[in-house]
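In: any chance you can model this:
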Amino acid sequence: MSGKESKLYACSKCFTRHPFEELSQGQQLCKKCRGDFPVVKCTYCRAEFQQESKSKTSSICKRCEQNVAQFGKPTSCQFCQLPAAFVGGKCQRCASYYKRYGRPPKL
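Out: Next up, the predicted model:
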């Protein structure tokens with residue numbers, strides 16, 4: 001490949017080919033697909049995600065949606081206070097940190 005040619009990568013929504021720099025970092029979407037579907041924050045975990053269709057305007061990410069279906073509506077996390085504690089009083093992030101580093105210090 002010469003310097004003028006560059007590798008093209010497929011958009012994960014429409015599968016058109018684009019240079020890597022033109023695709024979004026997280027979901028590998030082209031500019032057209034990013035413009036079609038807005039980026040919103042999840043009600044529970046506050047993670048940013050792209051809505052998949054204009055008819056489905058849910059403000060809950062896929063992971064939290066699955067957890068709500070499996071465990072029911074979450075409570076507030078005992079450490080960070082996010083309403084994302086599905087099991088055991090801790091959100092997934094704090095549960096992972098708790099397992100690695102132990103109980104967080106009181107502030």
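In: list the buried ones in the least confident helix or strand in the chain by mean pLDDT?
Out: The helix or strand of the chain with the lowest confidence, counting by mean pLDDT, DSSP states H and E, is helix 31-36 at a mean of 76. Under the neighbour-count criterion of 16 or more other CB atoms under 10 Å, helix 31-36 has 33, 34 buried. Where C-beta positions appear, they are placed from N, C-alpha and C, glycine not excepted.
In: how about residue 42, nearest residue that isn't a chain neighbour?
Out: By the measure of CB to CB, 6 or more residues apart in numbering, the closest residue to residue 42 outside its immediate chain neighbours is residue 61, 4.1 Å from it.
In: isn't the one you found right up against residue 45?
Out: Yes - the pair formed by residue 61 and residue 45 meets the contact definition of CB atoms under 8 Å, at 6.5 Å.
In: tally up the residues packed near residue 11, please.
Out: Counted with other CB atoms under 10 Å, residues neighbouring residue 11 total 20.
In: who touches the nearest residue to it once chain neighbours are set aside in this structure?
Out: Beyond its immediate neighbours in the sequence, the residue positioned closest to residue 11 (CB to CB, 6+ apart) is residue 30, lying 3.9 Å away. With contacts defined as CB atoms under 8 Å, 6 or more residues apart in numbering, residue 30 is in contact with 11, 13, 14, 16, 18, 22, 23.
In: and the strands in this protein, which stretches?
Out: Under the criterion DSSP state E, the chain carries strands at the ranges 8-10, 17-19, 39-41, 48-50.
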